Each structure stands twice: as structure tokens, then as C-alpha cells.
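Visitor: I need the structure of the sequence given here:
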Amino acid sequence: MPILDPVKKSIAQKARLHMKICRDCGVRNAATSTKCRKCHSKNLRWKKRELVK
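Guide: The predicted structure follows:
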């Protein structure tokens, strides 16, 4: 069921897509994080995302 309200859609996209992934252990971290919450590595990447219209 698609979300039609643009405000709710932007909130959902931010929660699901804007996060960092640890390259060592693969855990999801907050977008503001500088090191992994699980293994404390600084080897983080942004989650790959492609917005669907």
C-alpha cells in the first residue's frame, strides 16, 4: 500500500534509508555516527539507496 501523503513519505524514507552500515560487521548505525555501535570500527559507509517515485 503506497504512502500518498508527502510528509509521511519523507519521514518514512528518512527512517528506512538514511543510515550508515558498518563494513566490518554489517550492523546498521545512526546517520550521525562516526564509529560502529557494535564493533567500534570507524569503517562506515552510507546505506545504498534508490528513491522510487
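
Visitor: what's the spacing between the residue nearest to the spatial centre of the chain and Lys38?
Guide: A centroid search over the chain (C-alpha atoms, centre = their mean) returns Met19, at 2.1 Å, as the residue closest to the centre. Distance of Met19 to Lys38, computed by C-beta to C-beta, to the nearest Å: 14 Å. Bear in mind the C-beta positions are built from the backbone N, C-alpha and C, glycine included.

Visitor: Leu17 now?
Guide: Distance from Leu17 to Lys38, by C-beta to C-beta: 20 Å.

Visitor: which residues in this protein form strands?
Guide: Assigned by DSSP state E, the chain shows strands spanning 20-22, 28-29, 44-46.

Visitor: Isn't the residue nearest to the centre of the chain up against Val27?
Guide: No: between Met19 and Val27 there is no contact under C-beta atoms under 8 Å: 10.1 Å.

Visitor: picking that back up, okay, the strands of the chain, which one's buried deepest?
Guide: Among these, ranked by average contacts under mean count of other C-beta atoms under 10 Å, first place goes to strand 20-22 (a mean of 19).

Visitor: what does that one contact?
Guide: Contact partners of strand 20-22, identified using C-beta atoms under 8 Å, 6 or more residues apart in numbering, comprise 27-31, 33, 36, 38-39, 41, 43-47.

Visitor: Between those residues, which sits nearest Val7?
Guide: Ala31 (19.2 Å; C-beta to C-beta).

Visitor: how far away is the residue nearest to that closest one when sequence neighbours are not counted from Asp5?
Guide: For Ala31, ignoring the flanking residues on the chain, the nearest one in space by C-beta to C-beta, 6 or more residues apart in numbering is His18 at 4.9 Å. His18 is 19 Å from Asp5, where distance means C-beta to C-beta.
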